[in-house]
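Visitor: Got a sequence here, can you build the structure:
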Amino acid sequence: MISDIVFIVLALAFITILIVFIARQSSSTSVIEEQYAKQIALALDAAEPGMQIHLRISELLDAKKPEFIGNVIRIDDGRREVRVQLSSESGFSYGFFNGASITYALQGDFLEIGVSAGGAR
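Guide: Modelled structure (predicted):
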């Protein structure tokens, strides 16, 4: 009888901890950072020289921590890497393979990416 009660209490505690963990992970900035880094990298991989890419990033900017001062998005043409960072403690990098030269700028709620021939190898 007592062992059944202990088992039920432990099972409820485990389920509660699991639900709290899942809720925190699904709403955390790390998921948004990963999502946008991968989307931008995939768009760059599909791009051809001469293309202009305009991505709405308002959700990303809304999720940025107010105390974070750095660049939210960095595209490193030399390392072929996209880095999305919403706070000083987090950040997600994802590589791309396109050999074109990449330029980018934040314009309000949009990320504008230019793709031109030749690039860092």
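Visitor: what's the longest helix in the protein?
Guide: helix 2-26 (DSSP state H).
Visitor: Need the pLDDT of the spatially most central residue of the chain.
Guide: The residue lying closest to the centre of the chain (CA atoms, centre = their mean) is E33, at 1.8 Å. Looking at E33, its pLDDT is 92.
Visitor: ok, now S27?
Guide: Model confidence at S27 (pLDDT) stands at 57.
Visitor: repeat for R24
Guide: On pLDDT, R24 comes in at 68.
Visitor: where does D45 land in three-state SS?
Guide: Under the three-state scheme (DSSP: H, G, I helix; E, B strand; the rest coil), D45 adopts helix.
Visitor: Tally up the residues packed near it, please.
Guide: The local packing of D45 (other CB atoms under 10 Å) involves 12 other residues. C-beta: built from backbone N, CA, C; applies to glycine.
Visitor: Most distant residue from the centre of this protein?
Guide: The chain, CA atoms, centre = their mean, max distance from centroid: M1 (49.6 Å).
Visitor: who's in contact with the helix or strand of the chain with the lowest mean pLDDT?
Guide: Least confident element among the helices and strands of the chain, by mean pLDDT, DSSP states H and E: helix 2-26 (a mean of 87). Defining contact as CB atoms under 8 Å, 6 or more residues apart in numbering, one finds that helix 2-26 is touched by V31.
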